[in-house]
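J.: model this:
(chains A and B)
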2 protein chains.
Amino acid sequence: MRALWLENRRLTLRDDVPVPEPPPGEALVRVLLAGICNTDVELTRGYYHYAGIPGHEFIGVVEQGPLQGQRVVGEINAVCGHCDSCRNGRSTHCENRNVLGIIGRDGAFAEYLALPAANLHVVPDELPHEVAVFAEPLAAALEIQEQIPVRRGDRVLVVGDGKLGQLVARTLALTGCRIAVAGKHVEKLRILEQAGIPAIDAEAVEPRSFDIAVECSGAAHGFALARKALRPRGTLVMKSTYAGDLTVNASSLVVDEIMLIGSRCGPFAPALRLLAEGKIDPTPLIHARYPLDDAVSAFEHAQRPGVLKVLVDCTSEP
Amino acid sequence: MRALWLENRRLTLRDDVPVPEPPPGEALVRVLLAGICNTDVELTRGYYHYAGIPGHEFIGVVEQGPLQGQRVVGEINAVCGHCDSCRNGRSTHCENRNVLGIIGRDGAFAEYLALPAANLHVVPDELPHEVAVFAEPLAAALEIQEQIPVRRGDRVLVVGDGKLGQLVARTLALTGCRIAVAGKHVEKLRILEQAGIPAIDAEAVEPRSFDIAVECSGAAHGFALARKALRPRGTLVMKSTYAGDLTVNASSLVVDEIMLIGSRCGPFAPALRLLAEGKIDPTPLIHARYPLDDAVSAFEHAQRPGVLKVLVDCTSEP
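T.: The predicted structure is shown next:
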């Protein structure tokens, strides 16, 4: 099959990759559409070691397996079911997991992928492909509300106006909290304001005034801004991964009793529900769409300044 | 009056300090006994700027004020009552606070101190001075349970066998959690084992196996050990302040969805109750007792390796 291949930080399009042969319990999925995430870009920069097919945001059709013929999206952690994490309700932290397109399992920038049937969620008929493909990052955004209470009236700052910040802000806005997004890209902030979410300049963030700050920039200065914005006993959600270490003033975390919490994969069911009900419209985030054969160009496009989501159409003919 | 005086990192005993003149709403307290805390030692090393009388752990008798004649201990944050923090149940974070012996208010190593009457807690008659003087640090230890749930059966690691770790471990042990203390001082670990709390060597801490880790060492390697010990979605409580910055691997906090929470002052009422009921006996922690006139020597003693609590008797004659 055709697939985008990552090896030694280099992306190439190959047409000789074997179609996955799913073991019992797994489904073979024909990929329709896949989205480029910052994690994919980081993989190509060598921040994490990975060789194989990247890609973990997708919508596809089951070719073989229990949901045959159905349109599906899929949770990305393939888990063992019997380790300490799996037995204690933390299966996304399975100690023996592999992760679609990230750790030990070929991903979505390909004609086909394989995933455990248990990972798949059927997509409601009314949802267009290009909306459903946002289920995975939207679920990750919703993980925040699985971890901490976000209440009506809470003052919440989202730091970062990129793909992740955009989705996080949209999910948090639905809680009735008083939200603002700090970013520096005029066009990205304009898209937020069109969704009714106020954008503010980093310099305009009032120190020690927010109940919750969500770091979505992946940059040390973004973390510093989120920290500075928090009132005592505030919560700093770390939604982005970082290249390298982060230096923090630990004493100030103790004196101000700040809570800092890392946040990763989230629940698909509410993500699909929000998309199906039209409560979140991710389509203004789509900046480009490429056929699989041009996936290398799609990655270049995704890294240009100001660009949000770039999709790869995996059904296109060679 | 006589008082221990800190200025330019130097401690001296003075006999010419004016007795405090409490404004309306404050009480004048004759100090009976005061304890030396690591924060006091840090003040003398210049980690925080403070000039005046140090000391914030005390028991005294009210000389003047609503509780006249009563034995009291006192909360250390003197607050404004009308700022955002005060109005929202976070008065220990009052934006206009001063703090006994730490920020803008003379402290306890003196014949007299002044505190708002609202800060004082009457000490049950049956409690000896040298037990009641532990109310403040014990309250700080109990703050952990105000912030996070600690459940029967939870695997909890306390890092650090010093004064703070000793009290923290004793409060957590009462929850029925499976506790262990990592330390390196044979004598301190022995005192813990006498209280029924298992001690383990840092090298024997199983990585990724604890639900909660409480950092009480104030050292970067202690933080690293606490982090390493946590399972995914575990909680790292930062109980110690640190000199300087701390470097953390932020990506691993995100991937493992670790919660990190700073913890400072806590509730006095349950601390006094635990002492009065004999559920916590802090007396094995007392390593020395000095008269106020020898308070400078008391501070030297408190900094010797292996030494736990040093008390200063403020009633002694000159």
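J.: Low-confidence stretches in chain A?
T.: Flagging of chain A using pLDDT under 70 yields the residue ranges A:316-318.
J.: Which residue ranges of chain A form helices?
T.: For chain A, the helices defined by DSSP state H cover A:38-44, A:84-87, A:129-132, A:135-147, A:163-173, A:186-194, A:220-229, A:250-255, A:268-276, A:295-302.
J.: nearest to B:A295, of those helices?
T.: Proximity to B:A295, assessed across the helices of chain A by C-beta to C-beta, is greatest for helix A:250-255 (25.7 Å). C-beta coordinates here come from the backbone N, C-alpha and C atoms, glycine included.
J.: Name the residues of the closest one that are buried.
T.: If you call a residue buried by 16 or more other C-beta atoms under 10 Å in any protein chain shown, then helix A:250-255 has these buried ones: A:250-251, A:253-255.
J.: Please name the nearest non-neighbouring residue to A:L189.
T.: Ranked by C-beta to C-beta, 6 or more residues apart in numbering or on different chains and with sequence neighbours excluded, the top spatial neighbour of A:L189 is A:A199, at 3.6 Å.
J.: Is there a neighbour count for the closest residue to A:L43 other than its chain neighbours? I'd like the number.
T.: Spatial nearest neighbour of A:L43, chain neighbours left out: A:Y50 (4.9 Å); criterion: C-beta to C-beta, 6+ apart. A:Y50 sits with 23 neighbouring residues when counted by other C-beta atoms under 10 Å in any protein chain shown.
J.: Check whether A:D161 really touches A:A199, as I assumed.
T.: Yes. Judged on C-beta atoms under 8 Å, A:D161 makes contact with A:A199 at a distance of 7.0 Å.
J.: any residues in contact with both of the two?
T.: With contacts defined as C-beta atoms under 8 Å, 6 or more residues apart in numbering or on different chains, the residues shared by A:D161 and A:A199 are A:181-183, A:189, A:192.
J.: so which of the residues you listed is the most crowded?
T.: A:V181 (27 neighbours).
J.: bridging residues for that one?
T.: With DSSP bridges as the criterion, A:V181 is bridged to A:V158, A:A199.
J.: residues contacting it?
T.: Under the criterion of C-beta under 8 Å, 6+ apart, the neighbours of A:V181 are A:157-161, A:165, A:169, A:189, A:192, A:197-200.
J.: Same list (these) but as a markdown table, adding distance to B:G266.
T.: Conversion of the contacts of A:V181 to a markdown table gives the following (distance: C-beta to C-beta, whole Å):
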| residue | distance to B:G266 |
| --- | --- |
| A:L157 | 28 |
| A:V158 | 32 |
| A:V159 | 31 |
| A:G160 | 35 |
| A:D161 | 39 |
| A:G165 | 36 |
| A:A169 | 35 |
| A:L189 | 42 |
| A:L192 | 40 |
| A:I197 | 38 |
| A:P198 | 37 |
| A:A199 | 39 |
| A:I200 | 35 |
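J.: Quick check: PyMOL command selecting the buried ones in those.
T.: Selection of buried members from the contacts of A:V181 for PyMOL, criterion 16+ other C-beta under 10 Å:
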select buried, chain A and resi 157+158+159+160+161+165+169+189+192+197+199
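J.: Spatially, which two of the contacts of A:V181 are the most separated?
T.: Farthest apart among the contacts of A:V181 by C-beta to C-beta are A:G160 and A:P198. That separation is 14.9 Å.
J.: Could you report the neighbour count for A:A139?
T.: For A:A139, the tally of surrounding residues (other C-beta under 10 Å) stands at 25.
J.: Okay, it and A:L33: tell me how far apart.
T.: Per C-beta to C-beta, to the nearest Å, A:A139 is found 17 Å from A:L33.
J.: ok, now A:A220?
T.: Distance from A:A220 to A:L33, by C-beta to C-beta: 34 Å.
J.: which of the two has more neighbours?
T.: Set side by side, A:A220 and A:L33 show more neighbours around A:L33, with 21 against 16, by other C-beta under 10 Å.
J.: Would you confirm that that one contacts A:L127?
T.: No. Counting by C-beta under 8 Å, A:L33 sits too far from A:L127 to count as a contact (11.6 Å).
J.: can you list the residues of the stretch 101-250 of chain A near chain B?
T.: A:147, A:208, A:223, A:231-233, A:238-243, A:245-250 (C-beta under 8 Å from any C-beta of the partner chain).
J.: rewinding a little: check the gap between the residue nearest to A:L189 and A:V41 for me.
T.: Distance check for A:A199 against A:V41: by C-beta to C-beta, it reads 24 Å.
J.: How about A:A27?
T.: When C-beta to C-beta is the yardstick, A:A27 and A:V41 sit 28 Å from each other.
J.: More neighbours: which of these two?
T.: Here A:A27 and A:V41 are compared on neighbour count by other C-beta under 10 Å; more neighbours surround A:A27, at 25 against 14.
J.: Report whether the expected contact of A:V79 with A:L100 is present.
T.: No. A:V79 lies out of contact with A:L100 (C-beta under 8 Å); the separation is 11.8 Å.
J.: quick one: which of the two has more around it?
T.: The residue with more neighbours, out of A:V79 and A:L100, is A:L100; 26 against 22, by other C-beta under 10 Å.
J.: In contact with the more buried one, which residues are there?
T.: A:55-56, A:74, A:76-78, A:106-108, A:113, A:115 are the contacts of A:L100 under C-beta under 8 Å, 6+ apart.
J.: That concludes my questions; thank you for your assistance.
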